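Q: can you look at this prediction? I've put the sequence above it.
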There are 2 protein chains.
Amino acid sequence: MKQNSNVPAFLTKLWTLVEDSDTNEFICWSQEGNSFLVMNEQRFAKEILPKFFKHNNMASFVRQLNMYGFRKVMHIDTGIVKQERDGPVEFQHPYFKHGQDDLLENIKRKVSNARPEDTKIKQEDLSNILASVQNVNGKQESIDSRLNTLKRDNEGLWREISDLRQKHSQQQQIIKKLIQFIVTFVQKNRIMGLKRKRPILLNNNGKKPKYIHEIYDEPPLEHNKVCVEV
Amino acid sequence: MKQNSNVPAFLTKLWTLVEDSDTNEFICWSQEGNSFLVMNEQRFAKEILPKFFKHNNMASFVRQLNMYGFRKVMHIDTGIVKQERDGPVEFQHPYFKHGQDDLLENIKRKVSNARPEDTKIKQEDLSNILASVQNVNGKQESIDSRLNTLKRDNEGLWREISDLRQKHSQQQQIIKKLIQFIVTFVQKNRIMGLKRKRPILLNNNGKKPKYIHEIYDEPPLEHNKVCVEV
DNA sequence: GGGAATATTCCC
DNA sequence: GGGAATATTCCC
């Protein structure tokens, strides 16, 4: 036994125990040297185990074997599992072999429930998710405030539109009345016979003159009648 | 000892050991019976401990005491901590008292690192946070789409306002020209001497008649001149 | 065969 | 004094 540093006590003790020819009556290598057998469990537990471990229970011994990944070798005769009471039990592990204590360091004890890694990963995930939440929350607030601004803008725009529509409608009324007034006035003064070469034009800043029915939003009821240029 | 079910082996063994008058040479109650003393550590560890535990190390014994919340009682003489080698050491726990084994069930072993609870809580938190993230994400999308709708609305409103303002301005121009026309027309026909009792009124649906400077957006330049009702 | 609590060891 | 790995026990 060289590497008593890395290899757990259970493995070195077990390997020593199996190698030891003094205990061959109770525990020894199989013929091929790649597994070991326990004979006479009762006496092995009470007489041999306490010499190497702090107990004399076969169950505790087997528990450790399982913790280190040993498997019980099943003995099958003519298709039926042999279940002799107090018959030899055999255990095997790929790195537990006769004369090869250098392989022992490859045998790893199972960690109870891998919680350490789990918890660490969880902690990382937690931090990531938390950061993500706060990021999204920040964006949410930003969007919310933009939304509120837009809503206020919108309300203002609606008010302005309402205002403009009302003004527009009032202007339409005014235009209508002005035109009615003009029409009435012109009719009353027609007798004067004031002739012009061209109809009266309103100053339109050099742009195309408008017909009265173009200024007016509603289509003219009687087209022929309302062709007076203004 | 009744409740050998609930109380860990270490506590019942320790209590028995301290109560046992056969071992009083090495371990016994203090005078008040609310703490115990260990005399002659070396012999106690090698001779007494193995009779009750699976080891003969004082350190392991003390480790267990610490695991169960026992505290070493400090002996202070004249302001200086006594640190005698091999002098008696004293340990105390509020629920470890002479003759009161019924208190032992109140002594709780420290859990190694509270990972079980930790992990469970973490898992819960994780689920909660995840749900929260998805909730916020959902809201985000909803708000985003509302935002886009509002933006489109807003653009439409701006277009309408621009349109209405243009119409308004055009109408103002028309009204201005109509009035100019009327003024010109009236002036040209003044010689006619067409007299009325009241100025011409546009039909205003029974409402208060408007003065021309009220219809017109701009304030009248010469107030006295523009008092013509329309 | 293995989960989980307690016990022992090793180490800081 | 206590963290952490290994060992032992108890239990499913």
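A: Received the coordinates, thanks. The model shown is predicted, which means the values in this text are computed figures rather than measured ones. Residues are numbered from 1 along each chain as shown, chains lettered A, B, ... in the order given.

Q: so the helix ranked longest in chain A, near DNA strand C or not?
A: With secondary structure taken from DSSP state H, chain A has its longest helix at helix A:115-188. No - in terms of C-beta under 7 Å from any atom of the strand, no part of helix A:115-188 sits within range of DNA strand C; the closest distance is 8.2 Å. Placement of C-beta: from N, CA and C, glycine included.

Q: could you see whether chain B lies near stretch A:142-159?
A: Yes - Stretch A:142-159 reaches chain B (C-beta under 8 Å from any C-beta of the partner chain) through A:143-144, A:146-147, A:150-151, A:153-154, A:157-158.

Q: for stretch A:32-47, same thing?
A: No - Stretch A:32-47 lies out of reach of chain B by C-beta under 8 Å from any C-beta, never closer than 15.6 Å.

Q: may I have that stretch as PDB, with CA atoms only?
A: Extracted in PDB, the C-alpha atoms of stretch A:32-47 (Å, rounded to 0.1, in the frame of the first residue of the first chain):
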ATOM      1  CA  GLU A  32      -9.800 -14.900 -11.700                       C
ATOM      2  CA  GLY A  33      -8.900 -12.300  -9.100                       C
ATOM      3  CA  ASN A  34     -11.400  -9.800 -10.300                       C
ATOM      4  CA  SER A  35     -14.000 -10.300  -7.500                       C
ATOM      5  CA  PHE A  36     -14.100 -11.400  -3.900                       C
ATOM      6  CA  LEU A  37     -16.100 -13.900  -1.900                       C
ATOM      7  CA  VAL A  38     -17.400 -13.800   1.600                       C
ATOM      8  CA  MET A  39     -17.900 -17.200   3.200                       C
ATOM      9  CA  ASN A  40     -19.800 -17.800   6.400                       C
ATOM     10  CA  GLU A  41     -21.300 -14.300   6.800                       C
ATOM     11  CA  GLN A  42     -22.200 -14.700  10.400                       C
ATOM     12  CA  ARG A  43     -18.700 -15.400  11.700                       C
ATOM     13  CA  PHE A  44     -17.100 -13.000   9.200                       C
ATOM     14  CA  ALA A  45     -19.200 -10.200  10.500                       C
ATOM     15  CA  LYS A  46     -18.600 -10.900  14.200                       C
ATOM     16  CA  GLU A  47     -14.900 -12.000  14.000                       C
END
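
Q: in chain A, what residue lies closest to DNA strand C?
A: A:Lys72 (3.8 Å; C-beta to the nearest atom of the strand).

Q: pull the number of nearby residues for A:Ser145.
A: 10 (other C-beta atoms under 10 Å in any protein chain shown).

Q: how is chain A partitioned into domains?
A: Per automatic domain parsing, the structural domains of chain A span A:9-110, A:189-230.

Q: pretty sure A:Gly33 contacts A:Leu103?
A: No - the criterion here is C-beta atoms under 8 Å, and A:Gly33 misses it with A:Leu103 at 11.7 Å.

Q: mutual contacts of these two, please.
A: A:Lys97 (C-beta atoms under 8 Å, 6 or more residues apart in numbering or on different chains).

Q: show me which of those two is the more surrounded one.
A: Neighbour tally, A:Gly33 and A:Leu103, criterion other C-beta under 10 Å: the higher count belongs to A:Leu103, 16 against 13.

Q: now the more buried one: closest residue in space that isn't a chain neighbour?
A: A:Tyr95 (4.2 Å; C-beta to C-beta, 6 or more residues apart in numbering or on different chains).

Q: can you pull the contacts of that neighbour?
A: If you count contacts by C-beta under 8 Å, 6+ apart, then A:Tyr95 has A:103-104, A:106-107 around it.

Q: how does it look with 10 Å?
A: Under the criterion of C-beta atoms under 10 Å, 6 or more residues apart in numbering or on different chains, the contact list for A:Tyr95 reads A:11, A:68-69, A:102-108.

Q: would you format those residues as TSV with distance to B:Leu130 included?
A: Putting the contacts of A:Tyr95 into TSV (distance: C-beta to C-beta, whole Å) gives the following:
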residue	distance to B:Leu130
A:Leu11	43
A:Tyr68	38
A:Gly69	36
A:Asp102	48
A:Leu103	45
A:Leu104	44
A:Glu105	42
A:Asn106	40
A:Ile107	39
A:Lys108	34
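
Q: and the two most separated of those?
A: Between any two of these, the greatest separation by C-beta to C-beta is 17.6 Å, found for A:Gly69 and A:Asp102.

Q: enumerate the residues of chain A near DNA strand D.
A: A:8-10, A:53-55, A:57, A:59-60, A:63-64, A:67, A:109, A:111-112, A:116.

Q: would you confirm that A:Ile161 contacts B:Leu157?
A: Yes - in this structure A:Ile161 lies within contact range of B:Leu157 using C-beta atoms under 10 Å: 6.3 Å.

Q: ok, of the domains of chain A, where does mean pLDDT dip lowest?
A: When those are compared by mean pLDDT, domain A:189-230 comes last with a mean of 49.

Q: residues in contact with A:His93?
A: A:11, A:14, A:34-36, A:65, A:68-71, A:103-104, A:106-107.

Q: against chain B, how distant is it?
A: 26 Å (C-beta to the nearest C-beta, to the nearest Å).

Q: neighbours of the residue of chain A closest to DNA strand C, how many?
A: 13.

Q: identify the bridge partners of the residue lying closest to it once chain neighbours are set aside.
A: Excluding the flanking residues, the one nearest A:Lys72 by C-beta to C-beta, 6+ apart is A:Phe91, at 5.8 Å. On the basis of DSSP bridges, A:Phe91 is bridged to A:Phe36, A:Lys72.

Q: surely A:Phe91 touches A:Trp29?
A: No - using C-beta under 10 Å, A:Phe91 makes no contact with A:Trp29, being 11.2 Å away.

Q: who's more crowded, these two?
A: A:Phe91 (22 against 17).

Q: and A:Met58, what does it touch?
A: Here A:Met58 is in contact with A:38, A:41-42, A:44-46, A:49, A:89 (criterion: C-beta under 10 Å, 6+ apart).

Q: weed out the non-buried ones from those.
A: Buried members of these, scored by 16 or more other C-beta atoms under 10 Å in any protein chain shown, are A:38, A:41, A:44-45, A:49, A:89.

Q: A:Gln170: neighbour count?
A: A:Gln170: 13 neighbours (other C-beta under 10 Å).
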